[in-house]
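Student: sequence? don't have it. structure:
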């Protein structure tokens, strides 16, 4: 019990983060192998799936490059700068890391909801949702600015007094937990787990383009936030994965080659096209800062707005 | 699909703010039984050992220790290291001999503190130091023997007082002067008392500079 309160140095926290991250990556590769065996067994393995998986890892590579080159400096400055203004004096130990993980999970709920409900931000996050498949490689499908927005939601944790290294650790942990949820393999866990935790079932709903499943289950680790804040939906019909307006299927070698770039940039491409060709400044504004389903009056076809993308 | 109302959104944000503040407040109290001395040193910002100024410390003098160290053992010192000064191993127990490496110039002094309890070490309470020395800075390795420290365990902290102001100078949270701790594996390591402490005998300490 005393181990929970034993002070950890920054380097120790960072060391644990690296260790957990590395071993989780090995696990994810093993899991991917299982998924491919399963696809083969149920006769669902096809070229578009293989192409999609390759695309996923290529978007990961591009995402990491952008983070490293563009964002690392901003991030480090923001975090370590903010630490000077810490409100509370919070020690660094496993107990406080545990608390930080929970708070980072609440922060992530809002970050994620924000990414789905503001077009400018959806432009990068829609990349993650654009795969028509659902397996652990999809967890690594990232958009160009996916690394930019989390900062705004996690700097408050540093301001509250959590050591920047602890906040980085917590962010990583919240992401890794969700990575494991990207599977169709696991149906539903026992009810108490499905009540408290985010699960593959809840996350399938989140990745669905079925109308009743849209804009739901934003959770990271705990689904309890979605239940509390009114964005929870239970999985009870078969999920159709991908976007409401899908990106082109990989059905030719040309499409296979273009796929990583189509996937990575389509969100911004659509945003740019909408904003630039908008008929009025008001429309352009809404295309940039409104919700993804918003349509200008003349496109609404007498029906209330349907989710466009 | 779920469409929470604006009211739901606002109350959600308010609840979140409440959760954040209470969580942080709870965490700020989660120190170990060893007490607040540790919490003070383990604050939110990446920390370096903080040393209070030593008012009017005499040159090269060892202040009267506040605590009486363990009586010198009459037995042969059981130690892996050879006793200092080539004296008769059977009769003279080994004393703490500190070698300081990596001092970057010859300016000012190296202030060395020896602690023999966890509480004193964690708090860097120099009034509780059982050994203290002010040594002329030199880029060559500096060796100093604390002749009366023949027991252990001892944990040693030191800093390079380049401007001889008796103070460990910092710029914000970054030290501008060199520092070192026994048992530290790198510039950022802050070893616990257990990791830092050694028995009487030779110990070498590396001085690190961050600026």
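Tutor: Yep, it's here. Because the structure is a prediction, the values reported are computed rather than measured.

Student: any low-confidence regions in chain A?
Tutor: Scanning chain A for pLDDT under 70 picks out A:301-309.

Student: would you map the helices across it?
Tutor: A:10-41, A:47-66, A:72-82, A:94-117, A:119-129, A:150-160, A:164-179, A:191-196, A:200-206, A:224-229, A:253-276, A:281-289 (DSSP state H).

Student: how far does the longest one sit from the chain's center?
Tutor: By that I understand helix A:10-41. Distance of helix A:10-41 from its chain centroid, counting by C-alpha atoms, centre = their mean, to the nearest Å, is 17 Å.

Student: ok, the fourth one next?
Tutor: In terms of C-alpha atoms, centre = their mean, the centre of helix A:94-117 is found 12 Å from the chain centre.

Student: for it, which helices and strands make contact with it?
Tutor: Packing contacts for helix A:94-117, counted by 3 or more C-beta pairs under 8 Å, 6 or more residues apart in numbering or on different chains; DSSP states H and E, involve helix A:119-129, helix A:150-160, helix A:164-179, helix A:224-229, helix B:6-28. From N, CA and C alone the C-beta is placed, and that goes for glycine too.

Student: list just the one of these that sits closest to residue A:268.
Tutor: The closest of the helices and strands packed on helix A:94-117 to residue A:268 is helix A:119-129. By C-beta to C-beta, the value is 4.8 Å.

Student: show me what the closest one is packed up against.
Tutor: helix A:94-117, helix A:253-276, helix A:281-289.

Student: one step back: how about the helices and strands packed on helix A:94-117 in CSV, adding mean neighbour count and distance to residue A:202?
Tutor: As requested, those are exported to CSV (neighbours: other C-beta atoms under 10 Å in any protein chain shown; distance: least, C-beta to C-beta, whole Å):
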stretch, mean neighbour count, distance to residue A:202
helix A:119-129, 23, 15
helix A:150-160, 21, 20
helix A:164-179, 22, 10
helix A:224-229, 20, 8
helix B:6-28, 15, 18
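
Student: hmm, back to that, just send the helices and strands packed on helix A:119-129 back as a markdown table, with mean neighbour count too.
Tutor: Output for these, formatted as a markdown table (neighbours: other C-beta atoms under 10 Å in any protein chain shown):
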| stretch | mean neighbour count |
| --- | --- |
| helix A:94-117 | 22 |
| helix A:253-276 | 17 |
| helix A:281-289 | 15 |
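
Student: take these and write them to a markdown table, including distance to residue B:6.
Tutor: Below are the helices and strands packed on helix A:119-129 laid out as a markdown table (distance: least, C-beta to C-beta, whole Å):
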| stretch | distance to residue B:6 |
| --- | --- |
| helix A:94-117 | 13 |
| helix A:253-276 | 25 |
| helix A:281-289 | 16 |
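
Student: beta partners of the most centrally placed residue in chain B?
Tutor: Centroid check for chain B by C-alpha atoms, centre = their mean gives residue B:157 as the closest residue, at 4.2 Å. Counting by DSSP bridges, residue B:157 is bridged to residue B:113, residue B:181.

Student: if I look at the closest residue to residue A:265 other than its chain neighbours, how far off is chain B?
Tutor: Sequence neighbours aside, residue A:144 is the residue nearest to residue A:265 in space, at 7.1 Å (criterion: C-beta to C-beta, 6 or more residues apart in numbering or on different chains). Remark: distance between residue A:144 and chain B (C-beta to the nearest C-beta, to the nearest Å) = 26 Å.

Student: helix, strand or coil for residue B:133?
Tutor: strand (DSSP: H, G, I helix; E, B strand; the rest coil).

Student: so it sits against residue B:100, correct?
Tutor: No - between residue B:133 and residue B:100 there is no contact under C-beta atoms under 8 Å: 10.0 Å.

Student: need the residues touching each of those two.
Tutor: The contact sets of residue B:133 and residue B:100 overlap at B:110, B:112, B:144 (C-beta atoms under 8 Å, 6 or more residues apart in numbering or on different chains).

Student: if we can go back for a sec, mind listing what the residue nearest to the centre of chain B touches?
Tutor: Contacts for residue B:157 (C-beta under 8 Å, 6+ apart) come out as B:49, B:51, B:112-113, B:115, B:121, B:124, B:179-182.

Student: now the element after the helix or strand bottoming out on mean pLDDT in chain B, going C-ward?
Tutor: In chain B, no helix or strand scores lower on mean pLDDT, DSSP states H and E than helix B:36-41, which sits at a mean of 44. Later in the chain than helix B:36-41, the nearest helix or strand by DSSP states H and E is strand B:96-101.

Student: which other helices and strands does that following strand contact?
Tutor: Counting by 3+ C-beta pairs under 8 Å, 6+ apart, strand B:96-101 packs on strand B:109-115, strand B:131-136, strand B:142-146, strand B:155-161, strand B:202-206.

Student: and these as JSON lines, adding distance to residue A:188?
Tutor: Shown next, in JSON lines, are the helices and strands packed on strand B:96-101 (distance: least, C-beta to C-beta, whole Å):
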{"stretch": "strand B:109-115", "distance to residue A:188": "57"}
{"stretch": "strand B:131-136", "distance to residue A:188": "65"}
{"stretch": "strand B:142-146", "distance to residue A:188": "67"}
{"stretch": "strand B:155-161", "distance to residue A:188": "54"}
{"stretch": "strand B:202-206", "distance to residue A:188": "56"}
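
Student: of all these, which lies closest to residue B:11?
Tutor: Of those, nearest to residue B:11 by C-beta to C-beta is strand B:155-161, at 51.3 Å.

Student: relative to residue B:29, how far out is residue A:214?
Tutor: 42 Å (C-beta to C-beta, to the nearest Å).

Student: higher neighbour count, those two?
Tutor: For residue A:214 versus residue B:29, neighbours defined as other C-beta atoms under 10 Å in any protein chain shown are more numerous around residue A:214 (20 against 13).

Student: run through the residues that contact the closest residue to the more buried one other than its chain neighbours.
Tutor: Nearest residue to residue A:214, sequence neighbours excluded (C-beta to C-beta, 6+ apart): residue B:1, at 3.8 Å. By C-beta under 8 Å, 6+ apart, residue B:1 lies in contact with A:211-216, A:233, A:307.
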